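> How does the following fold in three dimensions:
(one chain, ligands or ions: 3)
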Amino acid sequence: MSKQSKRREALVYHAKPSPGKIEVVPTKKYTTQRDLSLAYSPGVAEPCLEIEKDKNNAYKYTAKGNLVAVISNGTAVLGLGNIGPEASKPVMEGKGLLFKIFAGIDVFDIEVNTENIEEFIATVKNIAPTFGGINLEDIKAPEAFEIERRLKEELDIPVMHDDQHGTAIISAAALLNALELSEKKIEEASIVVSGAGAAAISCTRLYQAFGAKRENIVMLDSKGVIRDDRDNLTSQKAEFATHRKIDTLQEAMQDADVFIGLSTADIVTPEMLKVMAKNPIVFAMANPDPEIKYQLAKDTRDDIIMATGRSDHPNQVNNVLGFPFIFRGALDVRATGINEAMKMAAVKALADLAKEPVPEQVNIAYGETRLTFSKEYIIPKPFDPRLIATVPPAVAKAAMESGIAKEPIEDWQKYEDELLERLGSDNKIVRLLLNRARTNPKRVVFAEADQLDVLKAAQIVYEEGIAIPILLGRKDEIERLKEEIEFDADVSIIDPKSDEELERKNRYAEAYWKQRKRRGVTIYSSQKIMRERNYFAAMMVNEGDADALISGYSRSYPSVVKPMLELIGMAPGTTRVATTNLMMTKKRGPLFLSDTSINIDPTAKDLAIIAKMTARIVKMFGMDPVMAMTSYSNFGSSTNDKASKVREAVSKLHKAYPDMVVDGELQTDFALDSEKIKQIFPFSKLAGKKVNTLIFPNLDAANITYKLLKVLNKADSIGPIMMGMRKPVHILQLGASVDEIVNMAAIAVIDAQEKEKWEAKKKNKASN
Ligand SMILES: NC(=O)C1=CN([C@@H]2O[C@H](COP(=O)(O)OP(=O)(O)OC[C@H]3O[C@@H](n4cnc5c(N)ncnc54)[C@H](OP(=O)(O)O)[C@@H]3O)[C@@H](O)[C@H]2O)C=CC1
Ligand SMILES: CC(=O)C(=O)O
Ligand SMILES: [Mg+2]
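Ligands and ions are numbered 1, 2, ... in the order given. Reported below is the predicted structural model:
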């Protein structure tokens, strides 16, 4: 993608569909008059009075305990400098988003219009009663030091300047691991620090706490080396002033073991890296552009251990790995601050985690085959789901042990379970899906590529390496739209109606005619039918000219299913084709619904087949299927045929697959309440289990539920995912969104990967 398109993409991301990145969502019922009288006057007076009696009750009756203020005055925004409070807001909203997705913490971002220390402190103190914690952000040094010191002293909630301590914690963990890999001792390491601002000073102080020696450190600011004979040094800079008579970064780098960059972009040259000691450690952490580009550094020295603050290279040393989890631990024990013991505990937890075996889902999420502790993996990845269960407990324990926890944790297992529960799985699932596709992208025909949204989706899958798109449709229109959206890659465009495709069309027509010549199809009619894009696209997959296809954006579902069934047909050994929809529900997370699109009134046998096929798809998403066969009846409460049909399907499944976690017939409110099932139907296989799949008795029920969830719950949907076809063919809902099309393309790729694996296995078996 060109720099210009990236810029536009970032601006559109922030502007659409609604400006900004966060919103406020009510957590209590608000539908009836009664609800409103509780939420607001007169009911609201009761918690007010309770809090008046004891301020601590604010944690019991308000959102305070899980609410953090991300506060800036915009004076040191990333490495962009003093760009002002309004311009810092996208970064602060971004921090809010990260707090929420990684640790379930709610954030109000607050941009304060003052550079005066006293005014800033007064503002924060005045609004502090609202919050459980204060995250100071992107405030320049030296003001940041005084602001943080005073607020820590004067407030009894956790206050942390993230650029100082978040960065210090993460980079210290990474540094300890990098030194271990390069077989060097921190006590002996010669360290060059570029930058003498908030981040650099605090990082260097923490390295000292871990053993780094002041005499081995050289620090530089915008004026050069900070020497002890320089005038007008701030007290923080004076702390690291060197007696060495050197002036430049080039001189400082001579024989250095470690370079820490917390300053500005592109100030380190290859020549500087070349004079560093053996196995040099280079953390170029300036954002968004590092002190030296990752690739340039790697190309300069092959013994380097290289890290940046960016997510697009290995070893992202960025405070995103810290602040959500540090605050989580502090809030959960109601710590009155964030002290040295808590910081050291976080460093240790992060450093140790990088040495543990990496779960497969992290490999998949980052498109890696096998991440292991090494020069390319010195620190855990931000999307590692173990972080939430590892760092907050370490921080919370340290708070308790150092005597600043007002609400100590007693049951650690319960706490860990709660932490895991906080980590919503929606995004994780989509990420898993896209990355799995990326590991082995396949050729996917986009049968309606002359539609803008379809083409946009094809552009995304191409640029993200999810699939190799083949664009089917009117060539001139595709070319026009490609230009409009700056999709300048050389991807193949096929227009079934053009003369250029005559040879291919005739070949497909003959193959189709051979298949169906005894069913009333003539060579003439098959030639005619191949002008129809869905027939043509299906033949491309059939004839091996493509691996998968997606269509249906602009046509009704049945009109697309028909040619697919006719030409592609069912997988060997299958007697049913069905679909499942993965709904990302707001409260419960992912929920699979089957069959949402094809079988109008399935028999008991069909339902069992649909359940079995759905279980396979659920596993494909990395989840263990827990399935309820739904009905209006609960375990025999009705003897009507409709309920009996579902019961019979369950009995078939229990007999054929005793290990499958499936039960019913069940009403949906029971199915979705594990405790209720445990209480009333303790014999059920679903008792105490969280159901993630609902199999419906007929198409009406499944389709209506899926659409209701989509509209009322605003649940994102992946699907309908076609199950039981001989080849990977997936049909979109009419007018699907770009994201939905991208997800479907990923599904099509994964389906093709699975089918390829299955074919290889079959071949292997046959040859043995
Ligand atoms: N990866 C991560 O997690 C994080 C990265 N950072 C990055 O670190 C950088 C600094 O942030 P922060 O400490 O908050 O900002 P500050 O404004 O507090 O500090 C900036 C420092 O950089 C120094 N500097 C500027 N230009 C140069 C130069 N050419 N050579 C050496 N030093 C220079 C300044 O010198 P002087 O004192 O003379 O003005 C100042 O000491 C930013 O790029 C930021 O994005 C920050 C936090 C976290
Ligand atoms: C990551 C961060 O906080 C910064 O660059 O300022
Ligand atoms: Mg910052």
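> In the chain, what residue lies closest to ligand 1?
When distances are taken as CB to the nearest ligand atom, the chain approaches ligand 1 most closely through G197, which lies 1.8 Å from it. Any C-beta I mention is one placed from the backbone N, CA and C, and that applies to glycine too.
> That residue - nearest residue in space that isn't next to it in sequence?
Closest residue in space to G197, ignoring its immediate chain neighbours: A141 at 4.1 Å, by CB to CB, 6 or more residues apart in numbering.
> what's the answer for G224, then?
In space, not counting the residues next to it along the chain, G224 is nearest to D247; the distance is 5.4 Å by CB to CB, 6+ apart.
> Go ahead and confirm that neighbour touches V225.
Yes - the pair D247 and V225 passes the contact test of CB atoms under 8 Å, sitting 5.6 Å apart.
> Would you mind telling me which of the two has more residues around it?
Counted by other CB atoms under 10 Å, D247 and V225 do not tie: V225 has more neighbours, with 20 against 13.
> so what's the more buried one bridging to?
Note on V225: beta-bridge partners by DSSP bridges are L220.
> Hmm, it is touching Q250, no?
No - with contact taken as CB under 8 Å, V225 and Q250 are classed as non-touching, separated by 10.6 Å.
> in what helix or strand does the residue nearest to N315 when sequence neighbours are not counted lie?
Closest residue to N315 in three dimensions, ignoring its sequence neighbours and counting by CB to CB, 6+ apart: A307, at 3.7 Å. Element membership of A307, judged by DSSP states H and E, is strand 305-308.
> How about that strand and ligand 1, any contact?
No - using CB under 6 Å from any ligand atom, strand 305-308 stays clear of ligand 1, coming no nearer than 7.7 Å.
> In what element of secondary structure is the closest residue to ligand 2 within the stretch 601-750 of the chain found?
Sorted by distance to ligand 2 under CB to the nearest ligand atom, the residues of the stretch 601-750 of the chain start with D739, at 27.0 Å. Following DSSP H and E, one finds D739 within helix 738-767.
> State the mean pLDDT of that helix.
Rounded to a whole number, the mean pLDDT of helix 738-767 is 89.
> Likewise for stretch 346-365?
Rounded to a whole number, the mean pLDDT of stretch 346-365 is 86.
> mind listing what's buried in it?
Within stretch 346-365, the residues that count as buried by 16 or more other CB atoms under 10 Å are 346-351, 353-354, 358, 361-365.
> residues touching S631, list them.
Shown here is S631, whose contacts under the criterion CB atoms under 8 Å, 6 or more residues apart in numbering are S638, K642, A643, V646, G664, E665, L666, Q667, P697.
> Hmm, the first one is touching V646, no?
No - contact criterion CB under 8 Å: S638 and V646 do not qualify, at 10.0 Å.
> With neighbour numbers in mind, choose between these two.
For S638 and V646, the more surrounded residue by other CB under 10 Å is V646, and the numbers stand at 23 against 15.
> Report pLDDT for the more buried one.
As predicted, V646 sits at a pLDDT of 97.
> in what helix or strand does it lie?
Here V646 is covered by helix 641-656, with elements defined by DSSP H and E.
> List the contacts of K185.
K185 sits next to L179, G211 when contact means CB under 8 Å, 6+ apart.
> circling back: right, and the helix or strand after the helix holding V646?
Along the chain past helix 641-656, the next helix or strand (assigned with DSSP H and E) turns out to be strand 662-666.
> Neighbouring strands - and their directions - for that next one?
Strand pairing (DSSP bridges) places strand 662-666 next to strand 627-630 (parallel).
> distance between the partner strand and the chain's centre?
From the chain centre to the centre of strand 627-630 is a distance of 29 Å (CA atoms, centre = their mean, to the nearest Å).
> Could I get the average pLDDT for that strand?
Mean per-residue pLDDT for strand 627-630: 98.
> Then stretch 397-405?
For stretch 397-405, mean pLDDT is 98.
> same question, stretch 544-561
Mean predicted confidence for stretch 544-561 is 91.
> Check what pLDDT the residue of the stretch 51-200 of the chain found nearest ligand 2 gets.
When CB to the nearest ligand atom is the measure, the stretch 51-200 of the chain has its nearest residue to ligand 2 at L78, with 4.3 Å between them. pLDDT, the model's per-residue confidence, is 93 for L78.
> Am I right that G309 is in contact with A286?
Yes - A contact is recorded between G309 and A286 when judged using CB under 8 Å, the distance being 6.9 Å.
> what stretches of this structure score poorly on pLDDT?
Per-residue confidence of the chain (counting by pLDDT under 70) places the weak regions at 1-2, 360-361, 364, 367, 369, 423-428.
> domains of it?
For the chain, the structural domains run 3-157, 184-320, 322-423, 433-567, 578-724, going by automatic domain parsing.
> Can I get the ones you listed in a markdown table including distance to ligand 3?
As requested, these are exported to a markdown table (distance: least, CB to the ion, whole Å):
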| stretch | distance to ligand 3 |
| --- | --- |
| domain 3-157 | 4 |
| domain 184-320 | 7 |
| domain 322-423 | 9 |
| domain 433-567 | 27 |
| domain 578-724 | 30 |
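> export those to a markdown table and tack on distance to S171?
Formatted as a markdown table, the entries for the domains of the chain read as follows, by distance: least, CB to CB, whole Å:
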| stretch | distance to S171 |
| --- | --- |
| domain 3-157 | 15 |
| domain 184-320 | 5 |
| domain 322-423 | 9 |
| domain 433-567 | 27 |
| domain 578-724 | 32 |
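> Just list the residues touching the nearest residue to R386 once chain neighbours are set aside, thanks.
Excluding the flanking residues, the one nearest R386 by CB to CB, 6+ apart is L353, at 6.3 Å. With contact set as CB under 8 Å, 6+ apart, L353 has these partners: P380, D384, R386, L387, T390, V391.
> May I ask which of these has the most neighbours?
The most neighbours of any of the contacts of L353, using other CB under 10 Å, belong to V391, which has 30 neighbours.
> so that residue touches L350, yeah?
Yes - in this structure V391 lies within contact range of L350 using CB under 8 Å: 6.5 Å.
> what residues are shared contacts of those two?
Overlap between the neighbourhoods of V391 and L350 consists of G322, taking contacts as CB under 8 Å, 6+ apart.
> Wait, a strand at N599?
No - under DSSP: H, G, I helix; E, B strand; the rest coil, N599 sits outside any strand and is assigned coil.
> Would you confirm that it contacts D700?
No - under the criterion of CB under 8 Å, N599 is not in contact with D700, lying 11.0 Å apart.
> So which of the two has more stuff around it?
Of the pair N599 and D700, N599 is the one with more neighbours under other CB under 10 Å, namely 21 against 11.
> Now do the contacts for that one.
If you count contacts by CB under 8 Å, 6+ apart, N599 has them with R576, A578, D606, I610, N698, L699.
> Which one of these is nearest to A341?
I610 (55.2 Å; CB to CB).
> A helix includes that closest one, no?
Yes - I610: assigned to a helix according to three-state DSSP.
> Quick check: bridge partners of the closest residue to it other than its chain neighbours?
Using CB to CB, 6+ apart and skipping residues adjacent in sequence, the residue nearest I610 is A578, 4.6 Å away. According to DSSP bridges, M723 are recorded as the beta-bridge partners of A578.
> How many neighbouring residues does A578 have?
By the measure other CB under 10 Å, the count of residues near A578 is 27.
> Isn't it up against I600?
No - A578 sits out of contact with I600 when judged by CB under 8 Å, with a separation of 11.3 Å.
> Next up, phi/psi of P720, please.
Backbone torsions for P720, taken as degrees, to the nearest 10, come to phi -70, psi 130.
> Next: the one 10 residues further on.
Comment: the main-chain dihedrals of H730 come out as phi -130, psi 140, following degrees, to the nearest 10.
> again, but for F487
Note on F487: backbone dihedrals following degrees, to the nearest 10 are phi -90, psi 90.
> now do the one 5 residues further on
Recorded main-chain torsions at S492 are phi -80, psi 140, according to degrees, to the nearest 10.
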